[in-house]
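# Provided below are the primary sequence and the corresponding predicted coordinates.
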2 protein chains.
Amino acid sequence: MSISVAVVDAETPGNVGTIARAMKNFGFEDLLLVDPPELDPDGEAYGFAGHAREDVLPNARKVSFDYLVEHYHTVGTTATTNEDHRRHIRYPFTTPADLAQSLRGVETDTCLVFGRERVGLHNEELERIDEVCAIPASAEYPVLNLGQAATVVLYELRELTVEETQLPDAIERAPEGDIEGLHDQFASFLDALRHEDSRRPKTERLFRRLLGRAHPTTREVSTLRGVFRKAEDGLRYGLPGDREEGE
Amino acid sequence: MSISVAVVDAETPGNVGTIARAMKNFGFEDLLLVDPPELDPDGEAYGFAGHAREDVLPNARKVSFDYLVEHYHTVGTTATTNEDHRRHIRYPFTTPADLAQSLRGVETDTCLVFGRERVGLHNEELERIDEVCAIPASAEYPVLNLGQAATVVLYELRELTVEETQLPDAIERAPEGDIEGLHDQFASFLDALRHEDSRRPKTERLFRRLLGRAHPTTREVSTLRGVFRKAEDGLRYGLPGDREEGE
């Protein structure tokens, strides 16, 4: 499966650069431009593209709108869907999250089509496009800037395009035995503190709930365990500097 | 609960404008600026802000980093988390989607803190911040532009801040009875077409699967039903223009 990105009739080179950058951030490579503005290598398109100036942007292909319709499963984006089931130009629509879900199981060459600034894709263009996608936003002001809209859609589709993210798979939560060891140490510390017997179970439970929500790392657990052990020893025997020689 | 947005030491007014626009798109109001650049009402900040030039941007407050730490549950964003559990400046981190989930049940004044272009938040700043948030992106190039990173995070948190989106709640799927009516009409059309008896069940099933995946609207169902009815009549009795007078 491949997912291409097309920008139709963009006015500002900066937006093309912004979209190219988001493409590289989220694992997309193929940029198609319909009626693009001049992309000066010293201008805003390259200035806004970050590292995408090295590949996505110089490899962009200039194509016609007809080419998109003929060669791809086209998905057009629009902020304005205020139509109902009696009109089909902008309805039904999908959201970026649902689009990611529905493309997951499909073997197809898809092209995400983003329209010009201000007015987006024209109705005559949307009519020829296979699916309509709208970003849920505030009813008060749902119109995103072109580059920002593309960033959100590409972000949502990243799981189809990014092979490896910069993030580790999961937080390394401490082994359960280590966490229980910290709870034992905390109880022992409360004992050394001569914390009132009647309040001790509540305080221990409170600490258990706090750690339970936080999913502590090995390092967090071992550091806190050391701190409480040191406090316990200090409370029982005095801190090292306070002890008399030979004690 | 309130969620504020802080931008620390931004260099380019355009990025502040971009963030203000995303805030308005996704239902955020309170913008805090630490060491901001000059925001000229005729400059790029206002130029990039869209309708946020009317409220979010002029209402922005200039504050100190200390103010953020003292008054908010702070969430710092960074693209670079390549640390492990032995160092806690950028670890553990959360993703924007998990952050939305974890803030859902909490009554707190939260502030999302975005750092300067190029280097983001400094370690000395991240050390004082409560939670670290990282956007999953391509390992090859995970560094988003400041304005684009903020757009993604605000998009992910929209369900906590947007009261009403511009989109209807759900697609108006046709009532099941209407869809079954279309299947009956399709079968009757195949009959008029003298479609081979042996292939008819397969063709009907194929059509049932196609509609089953597409969740058709009332309008789609009634229009297609009309088309097949007209075709059936035309096949059985000839199209209206072809019939002889009085037939």
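It's in. Keep in mind it's a predicted model, so treat the numbers as computed, not measured.

# In chain A, where is pLDDT below threshold?
A:82-86, A:243-247 (pLDDT under 70).

# Could you say which helix or strand holds the residue most central in space within it?
What sits nearest the mean C-alpha location of chain A, by CA atoms, centre = their mean, is residue A:155, with 6.0 Å. Assigning secondary structure by DSSP states H and E places residue A:155 in helix A:146-156.

# need the strands for chain A, in chain order.
Assigned by DSSP state E, chain A shows strands spanning A:2-8, A:31-34, A:61-62, A:73-77, A:93-94, A:109-114, A:131-133.

# from the middle of its chain, how far away would the last one be?
Right, the one you point to is strand A:131-133. Here the centre of strand A:131-133 is set off from its chain's centre by 21 Å, with CA atoms, centre = their mean, to the nearest Å.

# anything in it near chain B?
No: against chain B, strand A:131-133 shows no contacts by CB under 8 Å from any CB of the partner chain, the least distance being 10.9 Å. Backbone N, C-alpha and C define where each C-beta goes, glycine included.

# With the fifth one instead?
Yes: applying CB under 8 Å from any CB, one finds strand A:93-94 touching chain B at residue A:93.

# Then the longest one?
No: counting by CB under 8 Å from any CB, no contacts exist between strand A:2-8 and chain B, the nearest distance being 13.6 Å.

# Which positions within that strand qualify as buried?
A:3-8 (16 or more other CB atoms under 10 Å in any protein chain shown).

# picking up where we left off before, quick one: residues contacting the nearest residue to the residue nearest to the centre of chain A once chain neighbours are set aside.
Sequence neighbours aside, residue B:152 is the residue nearest to residue A:155 in space, at 4.9 Å (criterion: CB to CB, 6 or more residues apart in numbering or on different chains). Residue B:152 is in contact with A:151-152, A:155, B:96, B:135, B:144, counting by CB atoms under 8 Å, 6 or more residues apart in numbering or on different chains.

# Those residues into JSON lines, with extra columns for distance to residue B:58?
Output for the contacts of residue B:152, formatted as JSON lines (distance: CB to CB, whole Å):
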{"residue": "A:151", "distance to residue B:58": "25"}
{"residue": "A:152", "distance to residue B:58": "25"}
{"residue": "A:155", "distance to residue B:58": "29"}
{"residue": "B:96", "distance to residue B:58": "27"}
{"residue": "B:135", "distance to residue B:58": "29"}
{"residue": "B:144", "distance to residue B:58": "27"}
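
# Mind telling me the two of those residues farthest from one another?
Greatest spatial distance in the contacts of residue B:152: A:151 and B:96, 12.5 Å, computed using CB to CB.

# Please report how far the residue nearest to residue A:155 lies from residue B:74.
19 Å (CB to CB, to the nearest Å).

# for chain A, which helix is longest?
helix A:218-237 (DSSP state H).

# how about the helices in chain A?
Counting by DSSP H, chain A has helices at residues A:13-25, A:44-48, A:65-71, A:96-104, A:123-126, A:146-156, A:158-161, A:176-192, A:200-214, A:218-237.

# Out of these, flag the one nearest residue B:34.
Shortest distance between residue B:34 and those, using CB to CB, is found for helix A:146-156: 22.6 Å.

# The closest one to helix A:13-25, inter-axis angle?
10 degrees (axes from the mean of the first three to the mean of the last three CA atoms, to 10 degrees).

# Could you check the angle helix A:146-156 makes with helix B:96-104?
Using the same axes, to 10 degrees: helix A:146-156 against helix B:96-104 is 90 degrees.

# now the angle between strand A:2-8 and helix A:146-156, please.
Here the directions of helix A:146-156 and strand A:2-8 differ by 170 degrees (the same axes, to 10 degrees).

# quick check: angle from helix A:146-156 to strand A:109-114?
Using the same axes, to 10 degrees: helix A:146-156 against strand A:109-114 is 150 degrees.

# what's the angle between helix A:146-156 and strand A:73-77?
Using the same axes, to 10 degrees: helix A:146-156 against strand A:73-77 is 130 degrees.

# just how off-centre is helix A:146-156 within its chain?
With CA atoms, centre = their mean, you get 11 Å for helix A:146-156.

# wait, doesn't the residue nearest to the centre of chain A sit right on residue A:26?
Yes: assessed by CB atoms under 8 Å, residue A:155 is found in contact with residue A:26 at 5.9 Å.

# count of residues packed around residue A:109?
By other CB atoms under 10 Å in any protein chain shown, 12 other residues sit near residue A:109.

# Tell me the bridge partners for it.
Legend: beta-bridge partners of residue A:109 under DSSP bridges are residue A:2.

# I'd like the distance between it and chain B.
Applying CB to the nearest CB, to the nearest Å, the value for residue A:109 to chain B is 19 Å.

# list the contacts for that residue?
Per CB under 8 Å, 6+ apart, neighbours of residue A:109: A:1-2, A:4, A:71-73.

# one more time with 10 Å
A:1-4, A:30, A:71-73 (CB atoms under 10 Å, 6 or more residues apart in numbering or on different chains).

# Chain A - how does it break down into domains?
A:2-161, A:176-242 (automatic domain parsing).

# Identify whichever of the ones you listed lies nearest to residue B:61.
Checking these against residue B:61 by CB to CB gives domain A:2-161 as the closest, at 20.8 Å.

# So is stretch A:65-79 next to chain B?
Yes: using CB under 10 Å from any CB of the partner chain, stretch A:65-79 comes into contact with chain B via residue A:79.

# CA atoms only for that stretch, dumped as PDB, please.
Extracted in PDB, the C-alpha atoms of stretch A:65-79 (Å, rounded to 0.1, in the frame of the first residue of the first chain):
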ATOM      1  CA  PHE A  65      -6.200  16.800 -11.100                       C
ATOM      2  CA  ASP A  66      -7.300  14.300 -13.700                       C
ATOM      3  CA  TYR A  67      -4.200  12.300 -13.000                       C
ATOM      4  CA  LEU A  68      -5.100  12.000  -9.300                       C
ATOM      5  CA  VAL A  69      -8.600  10.900 -10.100                       C
ATOM      6  CA  GLU A  70      -7.400   8.300 -12.600                       C
ATOM      7  CA  HIS A  71      -4.600   6.700 -10.600                       C
ATOM      8  CA  TYR A  72      -5.600   6.900  -6.900                       C
ATOM      9  CA  HIS A  73      -8.200   6.200  -4.400                       C
ATOM     10  CA  THR A  74      -8.600   9.900  -3.600                       C
ATOM     11  CA  VAL A  75      -9.500  11.300  -0.200                       C
ATOM     12  CA  GLY A  76     -10.300  15.000  -0.100                       C
ATOM     13  CA  THR A  77     -10.100  17.100   3.000                       C
ATOM     14  CA  THR A  78     -12.600  19.800   3.900                       C
ATOM     15  CA  ALA A  79     -13.500  21.700   7.000                       C
END
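
# Looking at the buried residues of strand A:2-8, which is nearest residue A:208?
Nearest member of those to residue A:208, counting by CB to CB, is residue A:3, at 46.5 Å.

# re earlier: tell me what angle the longest helix of chain A forms with helix A:176-192.
Using the same axes, to 10 degrees: helix A:218-237 against helix A:176-192 is 20 degrees.

# Dump helix A:218-237 to PDB, keeping only the CA atoms.
The C-alpha trace of helix A:218-237 is given here as PDB (Å, rounded to 0.1, in the frame of the first residue of the first chain):
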ATOM      1  CA  THR A 218      12.900   0.800  38.200                       C
ATOM      2  CA  ARG A 219      15.000   3.900  38.900                       C
ATOM      3  CA  GLU A 220      12.200   5.700  40.700                       C
ATOM      4  CA  VAL A 221      11.600   2.800  42.900                       C
ATOM      5  CA  SER A 222      15.200   2.100  43.800                       C
ATOM      6  CA  THR A 223      16.000   5.800  44.400                       C
ATOM      7  CA  LEU A 224      12.900   6.200  46.700                       C
ATOM      8  CA  ARG A 225      13.700   3.000  48.500                       C
ATOM      9  CA  GLY A 226      17.200   4.200  49.200                       C
ATOM     10  CA  VAL A 227      15.900   7.500  50.500                       C
ATOM     11  CA  PHE A 228      13.500   5.900  52.900                       C
ATOM     12  CA  ARG A 229      16.100   3.400  54.000                       C
ATOM     13  CA  LYS A 230      18.500   6.200  54.800                       C
ATOM     14  CA  ALA A 231      15.800   8.100  56.600                       C
ATOM     15  CA  GLU A 232      14.900   5.000  58.600                       C
ATOM     16  CA  ASP A 233      18.500   4.400  59.700                       C
ATOM     17  CA  GLY A 234      18.900   8.100  60.500                       C
ATOM     18  CA  LEU A 235      15.800   8.000  62.700                       C
ATOM     19  CA  ARG A 236      16.800   4.800  64.500                       C
ATOM     20  CA  TYR A 237      20.500   5.400  64.900                       C
END
